[in-house]
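Novice: how would this look folded up:
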Amino acid sequence: MIQKLIANIQKTNAPIVVGLDPMLNYIPKQVQEKAFKEYGETLEGAAEAIWQFNKAIVDETYDIIPAVKPQIAMYEQFGIPGLMAYKKTVDYCKEKGLVVIGDIKRGDIGSTSAAYATGHVGKVQVGSKKYAGFDVDFVTLNPYMGSDSINPFIEACKEEKRGMFVLVKTSNPSSGEFQDQLVNGRPLYELVGEKVAEWGEGFMGDSYSYVGAVVGATYPEMGKILRKIMPKAYILVPGYGAQGGQGKDLVHFFNEDGLGAIVNSSRGIIAAYKQEKYAKFGEENFAQASRAAVEDMVADITGALEAAK
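Specialist: Below you'll find the model as predicted:
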């Protein structure tokens, strides 16, 4: 799957991923009203609004992006109907040829971790048959509990040729409370980065590992160090746009081949129509606003990479 991700990035010349993290207040009134008319102001109505919102954005952008990253929590808040909208979104994006990163941030151990791995990237045995549950291409993982939490995912990903992004240095302001603490004189995030590189050594594509890392755009200097520690890991970079990251901050996350990183933007793209810059599109044309935001983001990042050569 890392090969498909790289191929999609090269085809679109867009090292970005669109975070499909819908909140109801991101969804234009006309989309909500149509869903509520059919299903009422219910969990089913909310899930329908989310699905139609996602579908419109994907239809408008799938030809210029390589991947999407739905955050499962945004769907879980609407219970089972929300999870059904998540699954419909995953399946639809895959039909459109997009790589799907399931942003699930799981991090448990033993049989629990194995069950999560089976549900999201593996296949579950039911009698004589096997079924893929959520069937995403990559997952995000929290390594706080160590190798016991990651190994079941490595096994499932090896079997199904899927991949993962392990949290190393996250973009949120309080990430340093744990991640920056010194262990034997070195920040913890560096030690986690070394472990990611180690996990990835036995799980390689052509030039990059199926075990990637999450490193926030808001910490470019740390990204520079971690790029050297994890030369074969693809880096998923959150924190662009709404959280303050810019193209010029991200150059060091990439390798000299122009690959090695994929930058996420969520509300900066899916709720672009709410920004002054894209207000001309209006609520009616929210998906076209998202496309324009994608084009601007790609130009910002690829322009910064060109300037850094």
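Novice: which strands and helices sit next to the least confident helix or strand in the chain by mean pLDDT?
Specialist: Lowest by mean pLDDT, DSSP states H and E among the helices and strands of the chain is helix 220-229, with a mean of 91. Judged by 3 or more CB pairs under 8 Å, 6 or more residues apart in numbering; DSSP states H and E, helix 220-229 is in contact with strand 163-169, helix 188-201, strand 211-215, strand 235-237. Glycine gets a C-beta too; all of them are placed from N, C-alpha and C.
Novice: Would you mind giving these as JSON lines with mean neighbour count and mean pLDDT added?
Specialist: Converted to JSON lines, the helices and strands packed on helix 220-229 look like this (neighbours: other CB atoms under 10 Å; pLDDT from 0 to 100):
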{"stretch": "strand 163-169", "mean neighbour count": "27", "mean pLDDT": "97"}
{"stretch": "helix 188-201", "mean neighbour count": "19", "mean pLDDT": "96"}
{"stretch": "strand 211-215", "mean neighbour count": "29", "mean pLDDT": "97"}
{"stretch": "strand 235-237", "mean neighbour count": "28", "mean pLDDT": "95"}
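Novice: Export these as CSV, with columns for distance to V136.
Specialist: Output for the helices and strands packed on helix 220-229, formatted as CSV (distance: least, CB to CB, whole Å):
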stretch, distance to V136
strand 163-169, 10
helix 188-201, 19
strand 211-215, 14
strand 235-237, 13
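Novice: and the nearest residue to L20 once chain neighbours are set aside, what does it touch?
Specialist: Leaving out its chain neighbours, the residue that sits closest to L20 by CB to CB, 6 or more residues apart in numbering is P70, at 4.2 Å. Applying CB atoms under 8 Å, 6 or more residues apart in numbering to P70 gives the contacts G19, L20, D21, N54, Y86, T89, V90, C93, V100, I101, G102, D103.
Novice: quick revisit: compare the helices and strands packed on helix 220-229 and give me the one nearest A49.
Specialist: strand 235-237 (27.6 Å; CB to CB).
Novice: what does that closest one rub up against?
Specialist: In contact with strand 235-237 (CB under 8 Å, 6+ apart) are residues 17, 69, 101, 140, 165, 212-217, 223, 226-227, 245, 250, 253, 260-264.
Novice: Within the sheet, what are the partner strands of that strand, with directions?
Specialist: In the sheet, strand 235-237 lines up against strand 211-215 (parallel), strand 261-265 (parallel) (DSSP bridges).
Novice: As JSON lines, those with distance to G176 would be great.
Specialist: Output for the strands paired with strand 235-237, formatted as JSON lines (distance: least, CB to CB, whole Å):
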{"stretch": "strand 211-215", "distance to G176": "13"}
{"stretch": "strand 261-265", "distance to G176": "20"}
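Novice: And those: which comes nearest I9?
Specialist: I9 lies closest, by CB to CB, to one member of those: strand 261-265, at 6.7 Å.
Novice: and the angle from that closest one to helix 220-229?
Specialist: 150 degrees (axes from the mean of the first three to the mean of the last three CA atoms, to 10 degrees).
Novice: Contacts for strand 261-265, please.
Specialist: Residues from elsewhere that reach strand 261-265, judged by CB under 8 Å, 6+ apart: 5, 9, 15-19, 66-67, 69, 217, 234-242, 245, 250, 253-254, 293, 297, 301.
Novice: Right, I'll leave it there.
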